[in-house]
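Peer 1: sequence plus the predicted model coming up.
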Protein chains: 2
Amino acid sequence: MYFKPSFLPSLKTFKLKSKATIKEIAKLANVSIGTVDRVIHKRGDVSKNTTERIQKIMGEIDYEPNTFARNLALNKNFQIAVLLPEHGKEEYWSTPMKGARKAAKDMNSLGLKINYYSYDQYRKESFFSAGRRALKDKNDALVLARVLYEETEIFLKECAKADVPFVLIGTTVDSMNAVSNIGQDSFQSGRLAAELLSFGYTAPSSFLVLNLTKAENPNYNVKHRIEGFHSYFKGREDIAHTIDILTIAQEDKNLLKKIKAELTTSDLNGIFVPNSRSYMLAQALSDKRNIRIVGYDLLDKNKAFMQNGKIDFLINQRSDEQAYQGIECLYRYLVMNQVPPKIISLPLDIVTKEKLMYY
Amino acid sequence: MYFKPSFLPSLKTFKLKSKATIKEIAKLANVSIGTVDRVIHKRGDVSKNTTERIQKIMGEIDYEPNTFARNLALNKNFQIAVLLPEHGKEEYWSTPMKGARKAAKDMNSLGLKINYYSYDQYRKESFFSAGRRALKDKNDALVLARVLYEETEIFLKECAKADVPFVLIGTTVDSMNAVSNIGQDSFQSGRLAAELLSFGYTAPSSFLVLNLTKAENPNYNVKHRIEGFHSYFKGREDIAHTIDILTIAQEDKNLLKKIKAELTTSDLNGIFVPNSRSYMLAQALSDKRNIRIVGYDLLDKNKAFMQNGKIDFLINQRSDEQAYQGIECLYRYLVMNQVPPKIISLPLDIVTKEKLMYY
DNA sequence: TTGGATTCCGTGTGCGTACACGGAAAAAAA
DNA sequence: TTTTTTTCCGTGTACGCACACGGAATCCAA
């Protein structure tokens, strides 16, 4: 229930002179507000002469429409669709969902409604049908992750045709003419992983990239992380570290065996797992044996292994923040006409055992 | 100059049924909107019976006022004061200022105005006069840092009396009945520093806390960081590290000498500088000599020493973000009546050489 | 039973913008 | 010149809320 809080301004309150309004522009240009409105919204039916006069004045006084009045007049409640893969309670995609829900709550009083659409990320048809449902439901904008690479491209063309703006999360490549691309710089995160993994090692050491792949779907983030990882060591000519790479399909029944085999044959100082499944490696390690591990993301399993000291660093993608910011961007875009940067690169978040309590 | 963007909704646009309005409440309660308004704003002159009936209905339909309509009707441009110490271009306090300026820009179209008040942090009178000026200028709210400890308390009592809400940044202690306290958990950051400093050392090692104090003003953040630092090692009974502490006044003419003396007499593995002046230590180190250094904040000088490898980790307080969030909080508080958490603890941000490019 | 005070509440106006409607003036066609 | 069309622009209403003004109802006392 809503009641007036005590701090609310009363009549006595000092009133600032507000910014220019269309009324003032109209007066200055010797026309009615209707004409000014026509010029602002390019609705035509205004003589060239008058148009230019009004535009000149608008430029001079730096007119910006009053957000409150505008939205009151529009009398429209915006709705934004969030299109993400289905997920279990503690899986990766639950994190951005959490961010979206927070945004929904925060912006509820601004009349914003969030609609959720989920799909099976291993079935292209599922993605298309969820996406098209979002379009049919007349959402004003769309937040999604580029999980299915080419399918997303096809779908986003449909969005463009329907004049539905969208934000891509989880990527920092300017693609598909999105309003914005919000994510983490994968290449740089790979470099950071290399730095953390090799930190303090003054003697030549041996590191492994353990790429636990899943399904046939190529993950470009993982690819760029590995590239960044290598680039770091290429730039360090002071010490000749050894870098190996081992790729195993996550579904492989002999996964644990293969990892253990690798661990016994080579004498490793550190392992980099370039996706969120470092817990699988941690499971395979019976004891710590002083092998440093750097992985990604704060899945519950990863956190548990960090807590007991098996995983040393996790680079957090903050996909909740990505989703939140995506929604915020689109809201500002729709309501206040603010255009965000094409690429928003969230700072790399390094998580250690001591930071764990925050998440 | 403002022009209608192409994506703006037109008449054809699907219209969602909007939330409950006072008009509907009035109809349900069989009274006029004026009466409903009187109940909402507790303006009196409504019979007890009617009041209760209206309140019941409001509770049932979960009424929330339309932010746009409310602010349009209020016809008020809010102004928020930012009260911070004077600073040179690249000094610590320039960072929160940057955040404030960004907020001012972002929220300009919402009619928010930010007024800046600066003071000499070593002159109490300067603080009081700046603060009182902020009050006289009829700011609707106030963002400040608790630099002068007791003086801040006195001043904030004046704010409370004048019914001016405020947010404290740079602290995570719920103090003075602030709308919110936004900062970094100092104790936890000290623990993190300890973790980073001792990371990878399996043999008993020797660490130093180098406390470069400034002026007589006690800094509670520094105190808590050092406490956290010690607490980390107390919890680690696996290895018996040695912790020393050395306090030197920053103004000490023999600062460099004293540091160098310490470095030669003891065989250190790492040094923790619990404030933003780790660059002073770095200056004293002629060569790296494999002493790990953990410090705070991204001053230009610190960044330079991190770039050339002399400083290993910087814990970033993100005071720009603190100021930004402070302003945002207060705006939502004033305009949408949203009450933020009493304490907002920003995640600890670990900066390494590879992350430097982001700042 | 009328005057005045008191209690309670409805109506009207304004906030700045969006957009429909229709009217006047100018230009073109008759 | 008269009629029709086109060009251009002013007016009015709506959006939901805040608040002032003043009207109606009730009650008490004279």
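Peer 2: All right, it came through fine.
Peer 1: any idea how far A:Arg146 lies from A:Ile182?
Peer 2: Using CB to CB, to the nearest Å, one gets 12 Å for the distance from A:Arg146 to A:Ile182. Backbone N, C-alpha and C define where each C-beta goes, glycine included.
Peer 1: more crowded one of the two?
Peer 2: The residue with more neighbours, out of A:Arg146 and A:Ile182, is A:Ile182; 30 against 22, by other CB atoms under 10 Å in any protein chain shown.
Peer 1: what's the strand or helix carrying that one packed up against?
Peer 2: Using DSSP states H and E, the element containing A:Ile182 is strand A:180-183. Other elements packing on strand A:180-183 under the criterion 3 or more CB pairs under 8 Å, 6 or more residues apart in numbering or on different chains; DSSP states H and E are strand A:166-169, helix A:319-331, strand A:343-345.
Peer 1: can you list the strands that that strand pairs with?
Peer 2: Partners of strand A:180-183 in the sheet, by DSSP bridges, are strand A:166-169 (parallel), strand A:343-345 (parallel).
Peer 1: ok, back up a step: which neighbours do A:Arg146 and A:Ile182 share?
Peer 2: Both A:Arg146 and A:Ile182 are in contact with A:Leu168, A:Gly170, where contact means CB atoms under 8 Å, 6 or more residues apart in numbering or on different chains.
Peer 1: show me how far stretch A:206-223 is from its chain's centre.
Peer 2: 20 Å (CA atoms, centre = their mean, to the nearest Å).
Peer 1: gap between the two ends of it?
Peer 2: Start to finish, the residues bounding stretch A:206-223 are 21 Å apart (CA to CA, to the nearest Å).
Peer 1: may I see the buried residues of it?
Peer 2: Residues of stretch A:206-223 classed as buried by neighbour count (16 or more other CB atoms under 10 Å in any protein chain shown): A:Phe207, A:Leu208, A:Val209, A:Leu210, A:Asn211, A:Leu212, A:Thr213, A:Asn219, A:Asn221, A:Val222.
Peer 1: residues in contact with A:Tyr232?
Peer 2: A:Tyr232 touches A:Gly190, A:Arg191, A:Ala194, A:Glu195, A:Ser198, B:Glu354, counting by CB under 8 Å, 6+ apart.
Peer 1: and if we set it to 10 Å?
Peer 2: Residues near A:Tyr232 by CB atoms under 10 Å, 6 or more residues apart in numbering or on different chains: A:Gln188, A:Gly190, A:Arg191, A:Leu192, A:Ala193, A:Ala194, A:Glu195, A:Leu197, A:Ser198, A:His241, A:Ile243, B:Glu354.
Peer 1: and those, which two are furthest apart?
Peer 2: A:Gln188 and A:His241 (19.3 Å; CB to CB).
Peer 1: that older thread, mean pLDDT added to the strands paired with strand A:180-183, as CSV?
Peer 2: Formatted as CSV, these follow (pLDDT from 0 to 100):
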stretch, mean pLDDT
strand A:166-169, 96
strand A:343-345, 93
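Peer 1: among those strands, which is the most enclosed?
Peer 2: Using mean count of other CB atoms under 10 Å in any protein chain shown, the stretch among those with the greatest mean number of neighbours is strand A:166-169 (a mean of 26).
Peer 1: could you pull out the helices in the stretch 101-250 of chain A for me?
Peer 2: A:124-136, A:149-161, A:186-198, A:220-234 (DSSP state H, counting those that start in this stretch).
Peer 1: ok, now the stretch 251-359 of chain A?
Peer 2: With DSSP H, counting those that start in this stretch as the criterion, the stretch 251-359 of chain A has helices at A:255-265, A:278-284, A:300-307, A:319-331.
Peer 1: from the chain's centre, how far out does the third one sit?
Peer 2: The chain centroid and the centroid of helix A:300-307 are separated by 23 Å under CA atoms, centre = their mean.
Peer 1: my guess is A:Glu227 contacts A:Asp185, does it?
Peer 2: No - with contact defined as CB atoms under 10 Å, A:Glu227 does not count as touching A:Asp185 (11.7 Å).
Peer 1: so between the two, which is more surrounded?
Peer 2: A:Asp185 (21 against 14).
Peer 1: from DNA strand C, how far off is that one?
Peer 2: 37 Å (CB to the nearest atom of the strand, to the nearest Å).
Peer 1: give the contact list for the residue of the stretch 201-350 of chain A found nearest DNA strand D.
Peer 2: Per CB to the nearest atom of the strand, A:Val335 is where the stretch 201-350 of chain A lies closest to DNA strand D, at 14.4 Å. A:Val335 is in contact with A:67, A:70-71, A:74, A:76, A:78, A:107, A:110-112, A:140, B:68, B:109, counting by CB under 10 Å, 6+ apart.
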